[in-house]
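Engineer: make a model of this:
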Amino acid sequence: MKLTKFIHSCILAEDSDHVGLFDPGQFTWQSGKFSVDSLDRLDFVMITHEHPDHYCEPFVKALHHKFPDAMYFSTHEVVSKLKSLGVQKALSLSTEDVTVSPLAHESMSPLSPDPSTQNVAIHYKGKVSHPGDSHHLTSSKEVLLLPVEAPWGSTIDAVRMALSLKPKVVVPIHDWMWNQEWRSIMYDRMDQFFNQHDIRFVKPNDGESFEV
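Structural biologist: Now for the predicted structure:
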């Protein structure tokens, strides 16, 4: 499978059968690094929750305009929003290729009141796991998309979760907050650490594909 990271938590996943997109969020949309016009195919769009860094309506509208038959998977909240935009192929249920599991969003207290927005973990084609905004995923497929920085969690919590899950590959996501110098430093440190535990750590460059 070929993956491409496009800012923060947005990941394009391609294999010989399908093209899937995780979390088309605002940071990706505003960056201009992702071009909907460059896509020839889109089968699945997977949105872990409704926060704008994961769900951006202009982004979704552009995707739906070009690929009206794409299937969308998300929380009940997001599915309702999608249908109000005219996206009828939207589910909060699992299928053969996409597993949707409720997973509580990490607390934002005291910055924001609890309970927080709905959040889901998404497991894609038995290969890739995305926990959304959570460091409490209890099982992972071979490839873990790991949120490494957030106002609701820490890099250390992320590393501890990944170590407990023992995926074969870790791909860092949710790191828009880091400048490039700090991102390089932290990628190198995590690469060294996970290598000691026989886990491959990918150091992605936005818009550049890699195989997993």
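
Engineer: which SS state does residue 37 fall under?
Structural biologist: With DSSP: H, G, I helix; E, B strand; the rest coil as the basis, residue 37 sits in helix.

Engineer: give the contact list for the closest residue in space to it that isn't next to it in sequence.
Structural biologist: Counting by C-beta to C-beta, 6 or more residues apart in numbering, residue 66 is the residue found nearest to residue 37 once chain neighbours are left out, at 7.6 Å. C-beta here means a position set from N, CA and C on the backbone, and glycine is covered the same way. With contact taken as C-beta atoms under 8 Å, 6 or more residues apart in numbering, residue 66 is in contact with 36-37, 39, 42.

Engineer: repeat that for residue 172.
Structural biologist: 146, 148, 187, 190, 201-204.

Engineer: quick check: next helix or strand after the top helix by length along the chain?
Structural biologist: Once the chain is assigned using DSSP state H, the helix that runs over the most residues is helix 180-196. Per DSSP states H and E, helix 180-196 leads on to strand 200-201 as the next helix or strand towards the C-terminus.

Engineer: need the per-residue pLDDT for the nearest residue to residue 91 once chain neighbours are set aside.
Structural biologist: Spatial nearest neighbour of residue 91, chain neighbours left out: residue 73 (5.6 Å); criterion: C-beta to C-beta, 6+ apart. Model confidence at residue 73, given as pLDDT, is 98.

Engineer: what's the neighbour count on residue 211?
Structural biologist: 8 (other C-beta atoms under 10 Å).

Engineer: residues in contact with it?
Structural biologist: Contacts for residue 211 were tallied using C-beta under 8 Å, 6+ apart; they are 1-3.
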